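Colleague: Provide a 3D model corresponding to the input given below.
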Amino acid sequence: MTETLEEPKFEKIEEHRRFEVRHYSDTIQARVSMSDIDRKDSSQGFRKIAGYIFGKNEHSQQIAMTAPVHLWKEENYGMMAFTMPSEYTISDLPLPNNSEVMITEVKGQVMAAIKFSGFTGRKKCLRKVKKLEEGLKIAGYIASGEPILAVYDNPATTLPFMRRNEILIPLKWY
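Modeller: I've put the predicted structure just below:
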């Protein structure tokens, strides 16, 4: 039996052969920065945010898990984020006990998305980013931010061929 997790809301604007363009609604994220987005740092980042939603916060409040987990590079470090359930406002959420966990409002934005299954190793993700960037160039879109890896399924409990992943690239939208 698979668990159904809330996902960020979006409206599909366009569909292309290689990718789709989506407009995402405003969200709130719990984020941590990491020295890199390799397996060791990702595991530590995941534990910090999971600790927050499982009760390591000022009210010992549990917060429902959502999907996907987002990973991206920002300047010289990596970032990981969980989107908070849509029922919360920023003032409803308890403060994290861990000062490394940041609660951040994220303005809705237009993003290009390419879907893929399987593992999310660095080389494979770079190939998917390149494929998406090529599709964007052909279609005349301009990126406005760094690529984001979105991992929807628990890699410990989901067979690789069943895993749902995406590369998202923010777009300039007029």
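
Colleague: how about low-confidence regions in this structure?
Modeller: Flagging of the chain using pLDDT under 70 yields the residue ranges 1-3, 36-41.

Colleague: Helix or strand next in line after the helix or strand residue 136 falls within, which one?
Modeller: Secondary structure from DSSP states H and E places residue 136 in helix 122-139. Next helix or strand after helix 122-139 toward the C-terminus (DSSP H and E): strand 148-151.

Colleague: Go ahead and measure how far that following strand is from the middle of the chain.
Modeller: Here the centre of strand 148-151 is set off from its chain's centre by 5 Å, with Cα atoms, centre = their mean, to the nearest Å.

Colleague: Contact partners for residue 119?
Modeller: Contact analysis of residue 119 by Cβ atoms under 8 Å, 6 or more residues apart in numbering lists 155, 160, 163. Quick note: C-beta positions are derived from backbone N, CA and C, even for glycine.

Colleague: where does the one residue sitting closest to the centre of the chain land in three-state SS?
Modeller: Centroid-nearest residue in the chain: residue 70, 2.1 Å away (criterion: Cα atoms, centre = their mean). Under DSSP: H, G, I helix; E, B strand; the rest coil, residue 70 falls in the strand class.

Colleague: quick one, domains of this structure?
Modeller: Domain assignment for the chain by automatic domain parsing gives 1-25+108-174, 28-106.

Colleague: before we move on, back to that, please name every helix or strand in contact with the helix holding residue 136.
Modeller: For helix 122-139, the elements it packs on are strand 110-116, strand 165-170, judged by 3 or more Cβ pairs under 8 Å, 6 or more residues apart in numbering; DSSP states H and E.

Colleague: tell me the contacts of the residue nearest to the centre of the chain?
Modeller: Neighbour list for residue 70: 29, 79-83, 148-150, 168 [criterion: Cβ under 8 Å, 6+ apart].
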